[in-house]
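Engineer: kindly return the folded structure for what I paste below:
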Amino acid sequence: MARFTLPRDLYHGKDALEALKTLEGKRAMVVVGGGSMKRFGFLDKIESYLKEAGMEVQLFEGVEPDPSVETVMKGAEAMRQFQPDWIVAVGGGSPIDAAKAMWAFYEYPDTTFEALCVPFNFPKLRTKAHFCAIPSTSGTATEVTAFSVITDYHKGVKYPLADFNITPDVAIVDPALAETMPKKLTAHTGMDAMTHAIEAYVSTLHCDYTDPLALHAIKMISADLVDSYNGDMAARDRMHNAQCLAGMAFSNALLGIVHSMAHKTGAAYSGGHIVHGCANAMYLPKVIAYNAKNPEAEKRYGEIAAFLGLEPTSKALIAHIKGMNEKLDIPTCIKNYEGGMIDEKEFLEKLPQVAELAVGDACTGSNPRPITPAEMEKLLKCCFYDEEVDF
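Structural biologist: Next comes the predicted model:
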């Protein structure tokens, strides 16, 4: 038996934000990141619509990129003080992911972060609050997924939390918010969405319900991402829908080792973070080459390529992805990331540990080709030096 879970309601298109007026409750906690939602006037609109719905509103601001365990705990404490019956998270993936984890600790103060790290082990939510997610970036699709990524900075590890309980009740996909994204963020989040869709299509858990969503998302992203990056707002609006469709697919089919590697390399090095979407974009061609040694994976990569009008092979798909990365000014490998920000010696010293953590990541189990820690080390080196995958 398989399961397919989406939000109860999804509002999309122009002025979708007004759907907040229809929420029923007494108190809403709005969780938000930096100042962009305030600067562009969206936070004021959200507060106004929630008050129009008859709710008292409190803000929890300042969720950082790659949200920390500490931020999650602070937010949960604020919720315990305010007692909201709606949690409304707005912004990129970070505030929405953080709010999902806050939700669990708000409803179950005695649970532990270690317990939540066990996949599909959350306690039953909605005993105190429902959840509404409003994305401002076109990539993570956390507004429709059963996932949250939280960083333990003391350990230098990103933890993907997974449970259908944290799929939001309401998603509001309003393209106006995405139109404010800066150029580099548009590229990185867009390739994150492309990775979601491709990994979902070749996942060992793909099914008839996820395949059409993944394929259509891939086609839309291929058609619109570069134009969106170059300032075409009609393409930007369509990308906001495409990333959401990709999220619907991967939330139910799960992902693969591109994400395992991005999770475990993202916060591992002292030189700085490797931005998640950029990591996915760099690693995706290498992982396709690795997985394509599996005949079933090769067949499904070929189906994606054919759907895009390419030669039906993994090599054609790899060339297509590399071509998109080049047009989006995404580097080919970790060594070239941000002018060499990641030190080669540190990368090699940490390689065995990072490889082992990546193999143990929650996303590895649904990858179409198994991988050992030794193979993961080789694959990560290919991603660092931009070497061919021949194993």
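
Engineer: alpha carbons of the host helix or strand of residue 87, as CSV, please.
Structural biologist: Assigned by DSSP states H and E, residue 87 belongs to strand 86-91. Presented in CSV, the C-alpha positions along strand 86-91 are these (Å, rounded to 0.1, in the frame of the first residue of the first chain):
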residue,chain,number,x,y,z
TRP,A,86,-3.1,28.9,13.2
ILE,A,87,0.6,28.9,12.3
VAL,A,88,1.2,30.9,9.1
ALA,A,89,4.7,30.6,7.7
VAL,A,90,5.7,33.0,4.9
GLY,A,91,8.9,33.3,2.9
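
Engineer: chain center to that strand, what's the gap?
Structural biologist: Here the centre of strand 86-91 is set off from its chain's centre by 16 Å, with CA atoms, centre = their mean, to the nearest Å.

Engineer: next secondary structure after that strand?
Structural biologist: helix 93-107.

Engineer: surely residue 149 is in a strand?
Structural biologist: Yes - using DSSP: H, G, I helix; E, B strand; the rest coil, the secondary structure at residue 149 is a strand.

Engineer: OK, contacts around it?
Structural biologist: Applying CB atoms under 8 Å, 6 or more residues apart in numbering, we find residue 149 in contact with 66, 93, 97, 158, 159, 160, 161, 263, 276. Every C-beta, even on glycine, is put in place using the N, C-alpha and C of the backbone.

Engineer: just to revisit the earlier point, partners of the strand holding residue 87, with directions?
Structural biologist: strand 27-32 (parallel), strand 130-135 (parallel) (DSSP bridges).

Engineer: export the helix or strand of the chain with the lowest mean pLDDT as CSV, just CAs?
Structural biologist: The weakest-scoring helix or strand in the chain, judged by mean pLDDT, DSSP states H and E, is strand 157-162 (a mean of 82). Taking C-alpha atoms only, strand 157-162 is exported to CSV below (Å, rounded to 0.1, in the frame of the first residue of the first chain):
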residue,chain,number,x,y,z
VAL,A,157,24.9,18.7,9.7
LYS,A,158,21.6,19.4,8.0
TYR,A,159,18.8,17.1,9.1
PRO,A,160,15.8,16.4,6.8
LEU,A,161,12.7,15.8,8.9
ALA,A,162,10.1,13.7,7.2
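
Engineer: what packs against it?
Structural biologist: Applying 3 or more CB pairs under 8 Å, 6 or more residues apart in numbering; DSSP states H and E, one finds that strand 157-162 contacts strand 147-152, helix 257-266.

Engineer: export the ones you listed to JSON lines and tack on distance to residue 127?
Structural biologist: What follows is the helices and strands packed on strand 157-162, written out as JSON lines (distance: least, CB to CB, whole Å):
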{"stretch": "strand 147-152", "distance to residue 127": "18"}
{"stretch": "helix 257-266", "distance to residue 127": "29"}
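
Engineer: okay if I get those as TSV plus distance to residue 37 and mean pLDDT?
Structural biologist: Formatted as TSV, those follow (distance: least, CB to CB, whole Å; pLDDT from 0 to 100):
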stretch	distance to residue 37	mean pLDDT
strand 147-152	19	90
helix 257-266	24	96
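
Engineer: closest to residue 203 out of the ones you listed?
Structural biologist: helix 257-266 (10.7 Å; CB to CB).
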